[in-house]
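A.B. asks: mind folding the following:
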Amino acid sequence: MLMDADTTPAALKDTVPGRFWSMLEDGRVRCDLCPRFCVLHEGQRGLCFVRARENDAIVLTTYGRSSGFCIDPIEKKPLNHFLPGTPVLSFGTAGCNLTCKFCQNWDISKSREFDRLTSRAGPQAIAAAARDLDCRSVAFTYNDPIIFHEYAVDVAAACHEQGIRNVAVTSGYMCAEPREEFFRHMDAVNVDLKAFTESFYKKICSGELAPVLETLEYLKHETGVWIEITTLLIPGENDGAAELHELCSWVAEKLGPDVPLHFSAFHPDWKMMDISPTPPQTLSRAREIAQQRGIRHAYTGNVHDCEGGSTYCHQCGNLLIERDWYQLGAWNLDVQGKCASCGTPCAGVFEAAPGDWGAKRQPVSMAAYEAA
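C.D. replies: Below is the predicted model of the structure:
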């Protein structure tokens, strides 16, 4: 699906040259960022809406603009094995390269109105804010950072200069060359593995499963990025036992038993208002299936389940990190990230002690940092 020529006032957008595109023999320009491969005439936009053809090239039209900045607990991304308890400065832009009918951020990801992007901040300003606000990391989230690739990469580089780590929350639906550049700048990622059938991706998301699996294998075997995976379980769509067994078996075999799996609860939203919320027992059953298939750290999400949200030693069963929603409780890892009971290492990126940010959510104004 292509969009007509942009009529957004120039004062409301920031346009920069995009990377990863090709000029076709018929004169159209093809975007090579994601497997959608949108082909554009002059003035048209791709399905993501934020990448467009201008002057015979692809441009990003939302550089430096955001739908808002907020400090979240890192567990909200969700990342349970990456700097637990620490604050992360989170932001997104607008648009998306998938069309998931259940999208819980549809007002951002499907926005066609750039005036929703009310916050302006360049890479140096974001890095400075994260440093001054004692955030250990910056998260590219709310909408998929793949589509604002150039902005995300520049922000990530600025953050690394300040000793701030970078977190991507993404569907992983991207091509090989941009994938390599993007993740070169990331320290942790939560990949949204939406289902384990091509039919679901096609019918519900207008995408494909195979490129997502390729991204996951690339991350595991060719980078040092810490990986966690989230699957939103939708009743009657992707929550069948056979599919969950297949998904968990693939993760254990292709990625290894230490990659955490998060099974989160669906709530009716956007174009799927007629489906009931996911019963808590469905999440518990998925967690049990993951454990049966050898996954050492499987979690339930979007429900109150202390047991399903906590981390346990895969060797002796000792409680390592207690979680009540986003609030940490007992901490039984030693300074080397090993079980305090039996000494078995717990996979992840840990510090000697957990952070104490808790469940707070703090909006951040970037005006002062951008002015500086």
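A.B. asks: hey, let's count contacts and neighbours off CA atoms from now on
C.D. replies: Noted.
A.B. asks: which residues in the protein form helices?
C.D. replies: 106-109, 123-132, 149-161, 176-184, 198-200, 210-222, 241-250, 280-292, 306-309, 367-371 (DSSP state H).
A.B. asks: quick one: the ones you listed as CSV, columns for mean neighbour count too.
C.D. replies: Shown next, in CSV, are the helices of the chain (neighbours: other C-alpha atoms under 10 Å):
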stretch, mean neighbour count
helix 106-109, 20
helix 123-132, 20
helix 149-161, 21
helix 176-184, 17
helix 198-200, 16
helix 210-222, 17
helix 241-250, 17
helix 280-292, 19
helix 306-309, 19
helix 367-371, 13
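A.B. asks: tabulate those in a markdown table, adding columns for distance to residue 321.
C.D. replies: Listed next are the helices of the chain as a markdown table, based on distance: least, C-alpha to C-alpha, whole Å:
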| stretch | distance to residue 321 |
| --- | --- |
| helix 106-109 | 33 |
| helix 123-132 | 25 |
| helix 149-161 | 28 |
| helix 176-184 | 28 |
| helix 198-200 | 34 |
| helix 210-222 | 24 |
| helix 241-250 | 23 |
| helix 280-292 | 17 |
| helix 306-309 | 9 |
| helix 367-371 | 35 |
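A.B. asks: of all those helices, which one is nearest residue 28?
C.D. replies: helix 176-184 (20.6 Å; C-alpha to C-alpha).
A.B. asks: other SSEs contacting the closest one?
C.D. replies: In terms of contacts (3 or more C-alpha pairs under 8 Å, 6 or more residues apart in numbering; DSSP states H and E), helix 176-184 is not packed against any helix or strand.
A.B. asks: neighbours around residue 352, how many?
C.D. replies: 11 (other C-alpha atoms under 10 Å).
A.B. asks: so it sits against residue 331, correct?
C.D. replies: No. Counting by C-alpha atoms under 8 Å, residue 331 is not a contact partner of residue 352; they are 10.5 Å apart.
A.B. asks: lowest-confidence stretch among the helices of the chain?
C.D. replies: Sorting these by mean pLDDT places helix 106-109 lowest, at a mean of 59.
A.B. asks: which strand is the longest one in the chain?
C.D. replies: Looking across the chain with DSSP state E, the single longest strand is strand 226-233.
A.B. asks: now do it against helix 280-292, angle only.
C.D. replies: 140 degrees (axes from the mean of the first three to the mean of the last three C-alpha atoms, to 10 degrees).
A.B. asks: quick one: low-confidence parts of the stretch 51-200 of the chain?
C.D. replies: 105-118 (pLDDT under 70).
A.B. asks: now with 90, please.
C.D. replies: Residue ranges of the stretch 51-200 of the chain with pLDDT under 90: 67, 102-120.
A.B. asks: the stretch 251-372 of the chain too?
C.D. replies: For the stretch 251-372 of the chain, the ranges with pLDDT under 90 are 268-272, 367-368, 370-372.
A.B. asks: quick one: the strands in it?
C.D. replies: Remark: strands assigned in the stretch 251-372 of the chain by DSSP state E, counting those that start in this stretch are 261-265, 298-301, 311-312, 319-324, 327-331, 362-364.
A.B. asks: export the second one as CSV, just CAs?
C.D. replies: I take that to be strand 298-301. Extracted C-alpha coordinates of strand 298-301, given in CSV (Å, rounded to 0.1, in the frame of the first residue of the first chain):
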residue,chain,number,x,y,z
ALA,A,298,9.8,-18.3,30.5
TYR,A,299,7.6,-15.5,31.8
THR,A,300,4.0,-14.4,31.9
GLY,A,301,3.2,-10.8,31.2
